[in-house]
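J.: heads up, no residue letters with this:
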Ligand SMILES: CC(C)(COP(=O)(O)OP(=O)(O)OC[C@H]1O[C@@H](n2cnc3c(N)ncnc32)[C@H](O)[C@@H]1O)[C@@H](O)C(=O)NCCC(=O)NCCS
Ligand SMILES: Nc1ncnc2c1ncn2[C@@H]1O[C@H](COP(=O)(O)OP(=O)(O)OP(=O)(O)O)[C@@H](O)[C@H]1O
């Protein structure tokens, strides 16, 4: 069985995926793969530098993530270009990992954590989609605190994604993460039980 896990930026996907992994789910993390393809020596990083220039590279050759973030979260055209460069490689790596998990551990739940699952139209790849939901004001507050962003910077990041209310409406399973972490864990325990997972 597989599940696509999504939600908004800072809505709690990592928090929920950690709870599911603790229960035995196998995780494929799109953000982690997105970081791997941006490591020095990877052709995706080379293509990013070719388009965005040396301004997005640190002196040691690593990606200047903050600088690139400032560019793409402020400009939808540049963001689309970054997506066009990075997403095919990320998707291919996710596909390979999914195949390996399903071949080697077919009885396990495979969880694909993909922030832009709906934006990229990937619903059909997964049996069910779980959305980690918090209201927009909670999302904004947690994002500002976690990443040290101003309200303007946080708003820009939120508006680079589909509205969280819309994602909630599209979900097969909704996990409400606006309460305590213990309340979120209860919902995950219930989900696990209902699925009859060992
Ligand atoms: C722009 C980059 C360098 C900013 O790096 P930074 O370390 O500040 O953020 P991080 O990678 O931890 O991402 C945090 C969150 O931002 C959101 N986000 C990232 N990229 C995008 C995007 N292209 N469009 C909308 N939201 C995005 C996601 O919710 C993600 O979880 C980085 O996010 C990136 O390389 N993005 C392109 C790849 C991508 O689309 N990743 C997200 C899904 S696979
Ligand atoms: N139930 C909760 N109560 C309070 N804070 C929480 C709760 N769940 C998560 N957080 C905090 O909110 C922030 C965002 O959570 P998390 O990193 O899990 O979100 P995410 O959806 O994985 O984010 P992103 O997509 O941006 O990587 C973190 O600082 C986390 O510690």
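T.: Done, it's in. Just so it is clear, the structure is predicted and the values come from calculations on it, not from any experiment. Ligands and ions are numbered 1, 2, ... in the order given.
J.: Strands of the protein, start to end?
T.: 2-7, 26-29, 110-113, 128-133, 173-176 (DSSP state E).
J.: how much space between residue 184 and ligand 2?
T.: Note on residue 184: its distance to ligand 2, by C-beta to the nearest ligand atom, to the nearest Å, is 5 Å. Placement of C-beta: from N, CA and C, glycine included.
J.: Use 435 as the first number from now on
T.: Let's use 435 as the start, then, which means that last one is residue 618.
J.: count of neighbours near that residue?
T.: For residue 618, the tally of surrounding residues (other C-beta atoms under 10 Å) stands at 20.
J.: For the most centrally placed residue in the chain, give me its contacts.
T.: The centre of the chain sits closest to residue 549, judged by C-alpha atoms, centre = their mean, with a distance of 2.8 Å. Applying C-beta atoms under 8 Å, 6 or more residues apart in numbering to residue 549 gives the contacts 440, 441, 442, 443, 447, 464, 465, 595.
J.: ok, what's across the strand from the closest residue to residue 563 other than its chain neighbours?
T.: Spatial nearest neighbour of residue 563, chain neighbours left out: residue 438 (4.7 Å); criterion: C-beta to C-beta, 6 or more residues apart in numbering. Here residue 438 sits in beta bridges with residue 546, residue 563, going by DSSP bridges.
J.: how close does the residue sitting furthest away from the middle of the chain get to residue 474?
T.: Residue farthest from the centre of the chain, counting by C-alpha atoms, centre = their mean, is residue 493 at 28.0 Å. Residue 493 sits 12 Å away from residue 474, going by C-beta to C-beta, to the nearest Å.
J.: same question, residue 489
T.: Distance, residue 489 to residue 474, using C-beta to C-beta: 16 Å.
J.: how about residue 494, phi and psi?
T.: Dihedral angles of residue 494 (phi, psi; degrees, to the nearest 10) stand at phi -90, psi 10.
J.: Could you tell me how many residues sit around it?
T.: By other C-beta under 10 Å, 6 other residues sit near residue 494.
J.: Check what pLDDT residue 632 gets.
T.: pLDDT, residue 632: 64.
J.: Same check on residue 622?
T.: Looking at residue 622, its pLDDT is 98.
J.: wouldn't it be in contact with residue 451 here?
T.: No - judged on C-beta atoms under 8 Å, residue 622 makes no contact with residue 451 at a distance of 9.9 Å.
J.: show me the contacts for the residue lying closest to residue 441 once chain neighbours are set aside.
T.: Sequence neighbours aside, residue 566 is the residue nearest to residue 441 in space, at 3.5 Å (criterion: C-beta to C-beta, 6+ apart). By C-beta under 8 Å, 6+ apart, the contact list for residue 566 reads 439, 440, 441, 445, 446, 447, 449, 450, 609, 611.
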